[in-house]
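Participant: Take a look and give me a structure for this.
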Amino acid sequence: MKPADVDRLADWIVRRGLEGSAETDLLIKFCEKCNDAGLPLARAMVIIDTLHPVHEGTVFRWRNDNAEEDAATQYGRTTEGELAASWQRSPFFHLLQTGGEELRRRIAFGDPIDFTSIQEMKDQGYTDNILFVRRFAEGATIGEMDCVYSTWATRSAEGFSDADIAALRRLAPTLGLAIKSAALARVADTLVEVYLGRDAGQRVLKGRIQRGVADRIEAALWFSDLRSFTTITDTAKPTEIIPLLNDYAEAVITAVHEAGGDVLKLIGDGTLALFRGDDLADACHRALKAQEIARHRVKELNERRRAEERPITSVYVGLHVGEVFYGNIGSVDRLDFTVVGPAVNETSRIASMCRSVDRPILISSTFADALPMADRADLVSVGRFALRGVGQAKELFTLDPETL
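Facilitator: Residues are numbered from 1 along each chain as shown. Down below sits the predicted model:
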């Protein structure tokens with residue numbers, strides 16, 4: 001590869017990185033351009049950690065032999081089990097332990113075959129391999145994301161030339177920076193979605209962060225909590241409480257998301273969610289569908305936990321419709337993207353009435369009126385009730401017990 005080609009490819013990486021190209025596109029097109037310029041790449045892999053509640057990072061791959069291989073694979077924690085053992089046998093781990101940044105094995109020219117991955121490359125006909133670890137400064141790490149790993153291999157009979165190695169040494173860090181940029185954008189998406197909710201998170205990323213800016217919307221509101229949670233916390237082992245909350249939160253949150261809603265708040269054992277749409281009847285239908293999905297998932301969860309002799313519970317759900325303010329509330333230093341208004345209060349009070357009337361779900365009359373006619377057929381009135389903090393008594397409905 002000529003110096004002018006290296007310069008052009010470096011400029012291309014910078015442009016594509018600034019444009020926000022995805023990691024897989026960056027790697028694939030980079031390798032293709034290297035081939036076009038005469039650098040005989042046959043296989044490449046870039047690894048970068050992330051900040052995610054489940055995944056530790058992602059491996060991005062390219063090869064030129066049309067072998068079936070995932071272009072991107074997320075991996076779990078490398079601190080335990082077989083994944084940890086595999087990681088500790090890798091040349092990347094060796095570089096981290098020794099403080100090195102580069103490792104080359106001229107596989108077909110007598111260099112030691114001292115790692116399992118190098119032996120696999122030899123078996124597959126690769127002749128030369130070079131790896132890089134590019135570390136970030138301490139203040140630039142996010143979670144486990146503290147460096148970019150890359151490995152480059154060829155099947156050329158001559159291996160990599162000195163000019164090829166010089167080009168990779170120049171270009172790999174530039175590509176790593178572009179991939180880091182894309183990975184950080186993905187981390188931002190993950191964080192706002194996990195901690196703020198899908199819709200609220202996207203609004204924040206699009207610039208809706210000004211204090212006091214809120215939309216007035218009409219929406220179907222959901223509030224749920226767990227039956228006898230206080231009793232469970234008093235009687236169960238302390239180590240059981242967080243797993244219990246996680247299990248039931250998973251059942252509720254996935255149900256809300258599957259039905260097209262957005263979870264805004266987790267308040268202890270409680271969940272506040274929002275269902276929006278141009279058609280309010282459809283939003284209410286989706287909220288009702290979410291409780292059906294949640295009910296079935298909680299039933300399956302209880303069967304599993306009962307078999308494991310672990311504490312079980314059920315979910316109370318309150319559904320309401322009303323006008324709310326949806327946006328940023330708080331101080332200059334600490335904002336919360338949420339919904340506020342009397343309707344939110346009423347939804348919480350409706351859910352709390354489930355205990356008094358011993359029903360798993362209670363629905364306000366305004367929510368019932370907004371439902372499509374087909375859904376109203378399954379509702380039965382449980383009477384009028386005075387809700388704490390609400391001026392007038394409200395008629396509440398539940399689902400016909402025969403449909404539960």
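Participant: Please enumerate the strands of the stretch 251-400 of the chain.
Facilitator: Using DSSP state E, counting those that start in this stretch, the strands found in the stretch 251-400 of the chain span residues 262-267, 270-275, 315-330, 335-340, 361-364, 379-385, 394-399.
Participant: what pairs with the longest one, and is each one parallel or antiparallel?
Facilitator: What it means is strand 315-330. Partner strands for strand 315-330, per DSSP bridges, with pairing direction: strand 214-226 (antiparallel), strand 335-340 (antiparallel), strand 361-364 (parallel).
Participant: Can you say which of these is nearest to residue 193?
Facilitator: When those are ranked by distance to residue 193, counting by C-beta to C-beta, first place goes to strand 335-340 at 11.9 Å. C-beta here means a position set from N, CA and C on the backbone, and glycine is covered the same way.
Participant: Mind exporting the C-alpha coordinates of the closest one to CSV?
Facilitator: Listed in CSV are the C-alpha atoms of strand 335-340, where the atom choice follows Å, rounded to 0.1, in the frame of the first residue of the first chain:
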residue,chain,number,x,y,z
LEU,A,335,-33.5,16.8,35.9
ASP,A,336,-36.0,14.0,35.6
PHE,A,337,-37.9,13.3,32.4
THR,A,338,-41.3,12.1,33.6
VAL,A,339,-45.1,12.8,33.7
VAL,A,340,-46.9,14.9,36.3
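Participant: ok, and for that strand, which residues are buried?
Facilitator: Residues of strand 335-340 classed as buried: 335, 337-339 (neighbour count, 16 or more other C-beta atoms under 10 Å).
Participant: For the closest residue to residue 386 other than its chain neighbours, which residues are in contact?
Facilitator: What sits nearest to residue 386 in space, not counting adjacent residues and going by C-beta to C-beta, 6 or more residues apart in numbering, is residue 393, at 4.9 Å. With C-beta atoms under 8 Å, 6 or more residues apart in numbering as the criterion, the residues that contact residue 393 are 384-387.
Participant: what about 7 Å?
Facilitator: Contacts were defined as C-beta atoms under 7 Å, 6 or more residues apart in numbering; by that measure residue 393 touches 384-386.
Participant: how close does it get to residue 362?
Facilitator: Using C-beta to C-beta, to the nearest Å, we find residue 393 at a distance of 14 Å from residue 362.
Participant: Remind me what the helix or strand harbouring residue 13 packs against, helices and strands.
Facilitator: Secondary structure here is read from DSSP states H and E; on that basis residue 13 sits in helix 3-19. In terms of contact count using 3 or more C-beta pairs under 7 Å, 6 or more residues apart in numbering; DSSP states H and E, helix 3-19 is assigned the packing partners helix 23-36, helix 162-196.
Participant: mean pLDDT for these: which is lowest?
Facilitator: Per-stretch mean pLDDT for the helices and strands packed on helix 3-19 is lowest at helix 162-196 (a mean of 92).
Participant: Mean confidence (pLDDT) on whichever helix or strand comes after that helix, please.
Facilitator: Next along the chain after helix 162-196, taking DSSP H and E as the criterion, comes helix 198-205. On average, the pLDDT along helix 198-205 is 76.
Participant: tell me what helix 198-205 is packed against?
Facilitator: With contacts taken as 3+ C-beta pairs under 7 Å, 6+ apart, helix 198-205 sits against helix 162-196, strand 262-267, strand 335-340.
Participant: Same list (these) but as JSON lines, adding distance to residue 327.
Facilitator: Formatted as JSON lines, the helices and strands packed on helix 198-205 follow (distance: least, C-beta to C-beta, whole Å):
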{"stretch": "helix 162-196", "distance to residue 327": "12"}
{"stretch": "strand 262-267", "distance to residue 327": "11"}
{"stretch": "strand 335-340", "distance to residue 327": "7"}
